[in-house]
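**Q** sequence below, structure please.
(one chain, ligands or ions: 1)
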Amino acid sequence: MSSLAEVISESIYDHPKYYDLVFGADCAAELKFIRRCAEQHASGKINKLFEPACGTGRLLVHLAKHGYEIAGIDLNEKAIDFCNNRLEKKGVKGRTWVADMADFKTPKKYDLAFNTINSFRHLSTEASSLGHLRSMGDVVRRGGLYLLGIHLTPTQAAPSETESWSARRGHLAVNTHMWTIDRNRRKRVERFGIRFDIHTPSRTWRIDDVLVLRSYTMPQMQQLIDDSGCWDCVETYDFTYDADSPIVVDAGTEDVVYVLRRR
Ligand SMILES: C[S@@+](CC[C@H](N)C(=O)[O-])C[C@H]1O[C@@H](n2cnc3c(N)ncnc32)[C@H](O)[C@@H]1O
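**A** From the prediction side, this is the model:
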């Protein structure tokens, strides 16, 4: 993109307006999936929903409009401000606040929690990811669910390396490109480049960021769930979010949503 006047290196999470356009355009499948999992896998009524790493609340706001009581946390203050402003503007109840999902508490228990697009992999150590699963065990009541979506590192297939997509709202268009920078299997660190090319009638500019994510093979993830001591994995799906089509996770699987039920 040689005509690009401005390039800034910043976290995409510090730009909630563009993040929300890029990731929030199509939530319908995820929303339906959350409701169907509640019907199929939870015990008891599902009224109270919680999202760790909720970001801009692209899913929470819709769920609140459908009458669920909602709450969420995120490490990024800008995302939380964006989310709370939106909840207020839409006139729905619900609150999100800044907290680290590695170790946190909530004043009440929830029936179902969800974390659908890899945010969990931002936790960079075994201790923090175990801390997260245990914190979530305190947040979700017995028989309730935690829907945890992550990309695994396949051990019998080549992982995907690049992805590009576009989103538009009115005169604002954002083209997104994401690519693998490197993978260190021994240290379990994967780095991805991500860029937003932002076009408005008066300005064209780019945000460049690097996402550093912890990697999980299928056995590593299963071991972590077992070690948490509070969750049973009752079903697995992929990122098509089709609750009628469970998958069997094997060494070639990349995207998985684990349906964890609180013991
Ligand atoms: C890919 S975004 C997902 C946001 C939202 N869940 C969604 O589906 O659009 C990842 C989010 O994780 C948040 N995050 C990263 N590390 C975190 C941590 N330790 N505790 C809480 N949130 C964290 C980021 O600030 C960001 O908003």
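**Q** mind telling me what element the residue in the chain that the ligand sits nearest to is part of?
**A** Relative to the ligand, the nearest point of the chain is Gly55 (2.7 Å; C-beta to the nearest ligand atom). Yep, even glycine has a C-beta here, placed from its N, CA and C like the rest. For Gly55, there is no helix or strand it lies in under DSSP states H and E.
**Q** and for it, the neighbour number?
**A** Residues lying near Gly55 (other C-beta atoms under 10 Å) number 25.
**Q** contact partners for it?
**A** Tyr13, Pro16, Tyr19, Asp20, Phe23, Asp74, Asn76, Ala79, Cys83, Ser119 (C-beta atoms under 8 Å, 6 or more residues apart in numbering).
**Q** number of residues surrounding Asn175?
**A** 17.
**Q** confirm it sits in a strand?
**A** Yes. Counting by DSSP: H, G, I helix; E, B strand; the rest coil, Asn175 is located in a strand.
**Q** tell me the contacts of it?
**A** Ser164, Trp165, Ser166, Phe196, Asp197, His199.
**Q** and Gly149, bridged to which residues?
**A** Judged by DSSP bridges, the bridge partners of Gly149 are Val257.
**Q** wait, it sits on Asn118?
**A** Yes. With contact taken as C-beta atoms under 8 Å, Gly149 and Asn118 are classed as touching, separated by 6.7 Å.
**Q** neighbour count winner among these two?
**A** Gly149 (21 against 17).
**Q** show me what contacts the residue lying closest to Asp250 once chain neighbours are set aside?
**A** Computed as C-beta to C-beta, 6 or more residues apart in numbering, the closest residue to Asp250 that is not its neighbour in sequence is Met218, at 7.0 Å. By C-beta under 8 Å, 6+ apart, the contact list for Met218 reads Leu152, Thr155, Val249, Asp250, Ala251, Thr253.
**Q** quick one: buried ones out of those?
**A** Leu152, Val249, Thr253 (16 or more other C-beta atoms under 10 Å).
**Q** quick one: contacts for the second one?
**A** This points to Val249. Val249 neighbours (C-beta under 8 Å, 6+ apart): Leu152, Met218, Thr236, Val256.
**Q** what does the last one give?
**A** With contacts taken as C-beta under 8 Å, 6+ apart, Thr253 has the following neighbours: Leu152, Pro154, Met218, Asp238, Ile247.
**Q** quick one: pLDDT of the second one?
**A** The reference is to Pro154. Note for Pro154: predicted pLDDT of 90.
**Q** list the buried ones in the helix or strand Pro219 falls within?
**A** Assessed by DSSP H and E, Pro219 sits inside helix 218-228. For helix 218-228, burial by neighbour count (16+ other C-beta under 10 Å) applies to Met218, Met221, Leu224, Ile225, Ser228.
**Q** what distance separates that helix from the centre of its chain?
**A** On the basis of C-alpha atoms, centre = their mean, to the nearest Å, helix 218-228 sits 19 Å off its chain's mean C-alpha point.
**Q** equivalent analysis for stretch 96-109, please.
**A** Relative to its chain's centre, stretch 96-109 lies at 16 Å (C-alpha atoms, centre = their mean).
**Q** just the residues contacting that stretch, thanks.
**A** Under C-beta under 8 Å, 6+ apart, the answer for stretch 96-109 is 48, 50-54, 57, 60, 71-77, 80, 83-84, 87, 119-120, 123, 128-129, 131-132, 135, 138-141, 144.
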